[in-house]
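Colleague: coordinates only, sequence not included:
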């Protein structure tokens, strides 16, 4: 599950999506029958990492997009984890029972990174306007 961008952090960390997908691929390698779902606000894979996304789709990793207004909810009852999310494709809420719940979160730059960010011309507080949700 990912989606750490918000008003205070409108930028993309550029690695969360790819790492979530790579983790899903590793789990599929260990157990091809494992049912894996990635919840996301928008998927951003850069360069050759798009191949990870394609491979995950081929291996039946499911992707469910959520809106910021309808964030997933995690419930623990009797030691069992359930994630509830509205699936816009099915146009209904779904409950996912989870053996593993992995959160992919973005990075937050510290004051110490400002000089190196300036040198590499890395944006720290803005979203590149050409990015669009998938």
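Modeller: That came through fine. Note that the coordinates shown come from a computational prediction; the quantities given were computed from them, not determined experimentally. Residues are numbered from 1 along each chain as shown.
Colleague: only C-alpha atoms for contact and neighbour calcs from this point on.
Modeller: Fine.
Colleague: name the element residue 18 belongs to?
Modeller: Secondary structure from DSSP states H and E places residue 18 in helix 16-30.
Colleague: right, I mislabeled it, should have said residue 85
Modeller: Judged by DSSP H and E, residue 85 forms part of strand 80-87.
Colleague: by contact count, what packs against that strand?
Modeller: strand 73-77, strand 92-98 (3 or more Cα pairs under 8 Å, 6 or more residues apart in numbering; DSSP states H and E).
Colleague: so residue 20 sits against residue 106, correct?
Modeller: No - at 11.5 Å, residue 20 does not count as touching residue 106 under the criterion of Cα atoms under 8 Å.
Colleague: which one's more surrounded, the two?
Modeller: Higher neighbour count among residue 20 and residue 106: residue 20, with 21 against 18, using other Cα atoms under 10 Å.
Colleague: what sits closest to that one if chain neighbours are left out?
Modeller: Of all residues not flanking residue 20 in the chain, residue 104 sits nearest, at 6.4 Å (Cα to Cα, 6 or more residues apart in numbering).
Colleague: in the sheet, who's paired with the one you found?
Modeller: Beta-bridge pairing for residue 104 (DSSP bridges): residue 2.
Colleague: surely it touches residue 16?
Modeller: Yes - Residue 104 is within contact range of residue 16, at 5.5 Å (criterion: Cα under 8 Å).
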